[in-house]
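*Asks:* return a 3D structure for these sequence lines:
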Amino acid sequence: MTTAGAYEIRIDDDDDDDARRRSTNETKSKHPSSSRAGEDDARSGDGDASANGTRPRAFALREKSRQFRREWGWREASGAMGDLGTFLPLLIGMAIECGVDAGTTIVFTGAYNVLTGYVYMIPMPVQPMKTIAAVAIDAHLSVNEIMVAGLFVSGVVFVLGVTKMMELANRLTPVAVVQGMQVGVGLLLARKGFLLAVYKSSKETSPVRGMLGTDGLLLTIVAMCAVMYVSAPEYPAIRLDERQGAVADGCERKKPRRHYVPMALILVLIGLVMAMIKEGALKGLRFGPATPKMLSASWAEVRRGIIYAGIPQLPLTVLNSVIAVCALSKDFFPEYPASPTSVSISVGVMNLLGCWVGAMPSCHGAGGLASQYAFGARGGGAVVFLGICKIIVGLTFGSSLVQLLKHFPKTLLGVMLFVSSLELIGMGLKTKPGWNQHQKFLVMVTAAVIVATTNTSIGFAAGMCTHLLMEVQRRIERDNYTAPDAIST
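*Replies:* Okay, here's the model as predicted:
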């Protein structure tokens, strides 16, 4: 029987050093204003740079816009579309099954994208609250019940952020448990993407898709091969040869050209064309924005919304939308990590404003950040671009846009979701300096329970209990240990 200690989750030292150098070089090249911002602010008296090299606190709005323009490219535009594999299916399902206003949701989530892009300066995602969406679609909750659930969750998270309790929860959660959550959630997203791309519904018992057509397996295979070819890393031998050549030539190593292909943007454009050519897809489109409707829920709807959707969503929001996304932002953007307090307040403010007028409950999430990063997003300009696109489309077509989006090929959404999940899994498998088998075991236990139960909260509880049991075990064994010198004496 294989023990946990027999498994090794490793990163090659050369790869790790190369990744750090690449991160530093990209930071210098893609964020040139970060080195000059402190000087500009010092001259203008608007702010100062912190001692640990983080972004200046008073970073002017105009300077941020200039930085977005300097960083902008097709890869950023592609990365902006990376999370649509999660966003579109849930939005369409809630709009059709529950009556959620798609036009209001698209406009408000677009505004959230723009604001978070300027606040965090990284591609911080805006996603649906998945548990609320799943329960709402399955149990056919009313719009009022959905909005009450969103207000309940965001209110609790906002209080935890303002009182700094979220920082305490973040400090008490072992890094290995957080990474186990990333692996587990990534595997669940990969499974969902595979089912979406291969089967006619999200259930394994449903029939497999036919080979031809806009929702056929042939499209899935072609799209998967194209994305994998573009996204796959270089072979170690190729990286070594390129690195030696770069050193010999005295120049920096460049990424292969295939890494600059905006695959997510290409897939979204192809999907929209395929959706528009379907019979009746354009007949339901109407010009004009949606009219927001103020929340007016009865006590019965308040109770049902909180019990059935709000309480189950709360652990996922705290763990995945705050703690896990902050940990992942630190891995992807070590110089500009998001703090649990700011993310908690952000989630609270978004929904305490939007849910009152019928916008779908939204949050941030580790899966969305990994998705956008996997398809090329490296700065806040990516989500600002996505937000502007959402606002324009939402104001132009309003709620009628869902009539077109429901014809978007599920195969392409599944492929995007599957590929983006690999980035989240990969980050969860990376070990930290000084890690031993204890931490690796926690990663495996947490991820395995999440996959087995399809519940992040249960996986988190299993990881924390395992951590506590192993701490007790360590202390007992340490107290019972007798040093060799004592034995000889």
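*Asks:* do you know how far residue 178 is from residue 95?
*Replies:* Taking C-beta to C-beta, to the nearest Å as the measure, residue 178 falls 33 Å from residue 95. The way it works is simple: take the backbone N, C-alpha and C, and place the C-beta from them, glycine included.
*Asks:* just the strands from the chain, written as ranges.
*Replies:* With DSSP state E as the criterion, the chain has strands at 127-128, 362-363.
*Asks:* and the first one, what other elements does it pack with?
*Replies:* Applying 3 or more C-beta pairs under 8 Å, 6 or more residues apart in numbering; DSSP states H and E, we find strand 127-128 packed against helix 84-98, strand 362-363.
*Asks:* buried deepest among the ones you listed, which one?
*Replies:* strand 362-363 (a mean of 28; mean count of other C-beta atoms under 10 Å).
*Asks:* can you list contacts of that one?
*Replies:* If you take C-beta atoms under 8 Å, 6 or more residues apart in numbering as the criterion, strand 362-363 is touched by 108-109, 112, 126-129, 150, 154, 317, 321, 347, 350-351, 354.
*Asks:* again with stretch 317-324
*Replies:* Contacts of stretch 317-324 (C-beta under 8 Å, 6+ apart): 127, 129, 153, 157, 160-161, 166, 169-170, 173, 178, 181-182, 185, 340, 343-344, 347, 363-367, 456-457, 460.
*Asks:* now swap in stretch 278-296 and tell me
*Replies:* Residues outside stretch 278-296 that contact it (C-beta under 8 Å, 6+ apart): 101-104, 107, 143-144, 147-148, 151, 214, 275-276, 355-359, 394-401, 403-404, 407.
*Asks:* one more time with 7 Å, if that's ok
*Replies:* By C-beta atoms under 7 Å, 6 or more residues apart in numbering, the surrounding residues in contact with stretch 278-296 are 101, 103-104, 107, 144, 147, 214, 275-276, 355-358, 394-400, 403-404, 407.
*Asks:* tell me which residues of it are tucked away?
*Replies:* Across stretch 278-296, burial judged by 16 or more other C-beta atoms under 10 Å covers 281, 289, 290, 292, 295.
*Asks:* try stretch 330-337
*Replies:* Residues 331, 332, 333, 336, 337 are the ones in stretch 330-337 that count as buried (16+ other C-beta under 10 Å).
*Asks:* ok now do residue 146, which residues does it touch?
*Replies:* Shown in contact with residue 146 (C-beta under 7 Å, 6+ apart): 98, 100, 132, 136, 305, 309, 361.
*Asks:* that older thread, and the strands of the chain: which comes nearest residue 426?
*Replies:* The closest of these to residue 426 is strand 127-128. By C-beta to C-beta, the value is 19.7 Å.
*Asks:* so how far is residue 393 from residue 402?
*Replies:* In terms of C-beta to C-beta, residue 402 sits 11 Å off from residue 393.
*Asks:* which of those two has more neighbours?
*Replies:* Neighbour tally, residue 402 and residue 393, criterion other C-beta atoms under 10 Å: the higher count belongs to residue 402, 22 against 17.
*Asks:* measure that one to residue 89 for me?
*Replies:* 12 Å.
*Asks:* next one: residue 95
*Replies:* Counting by C-beta to C-beta, the gap from residue 95 to residue 89 is 11 Å.
*Asks:* one more: residue 333?
*Replies:* Applying C-beta to C-beta, the value for residue 333 to residue 89 is 28 Å.
*Asks:* what of residue 334?
*Replies:* From residue 334 across to residue 89, the span is 32 Å (C-beta to C-beta).
*Asks:* also residue 150?
*Replies:* Between residue 150 and residue 89 the distance is 18 Å, computed by C-beta to C-beta.
*Asks:* wouldn't residue 77 be in contact with residue 385 here?
*Replies:* Yes. Using C-beta atoms under 7 Å, residue 77 is in contact with residue 385, at 6.0 Å.
*Asks:* what about this structure, any weak spots by pLDDT?
*Replies:* Flagging of the chain using pLDDT under 70 yields the residue ranges 1-59, 202, 204-205, 235-256, 259, 481-489.
*Asks:* can you list the domains in it?
*Replies:* Following automatic domain parsing, the chain resolves into domains at 8-58, 72-243+253-436.
*Asks:* how about those, which one is nearest residue 64?
*Replies:* Residue 64 lies closest to domain 72-243+253-436 among those, at 5.6 Å (C-beta to C-beta).
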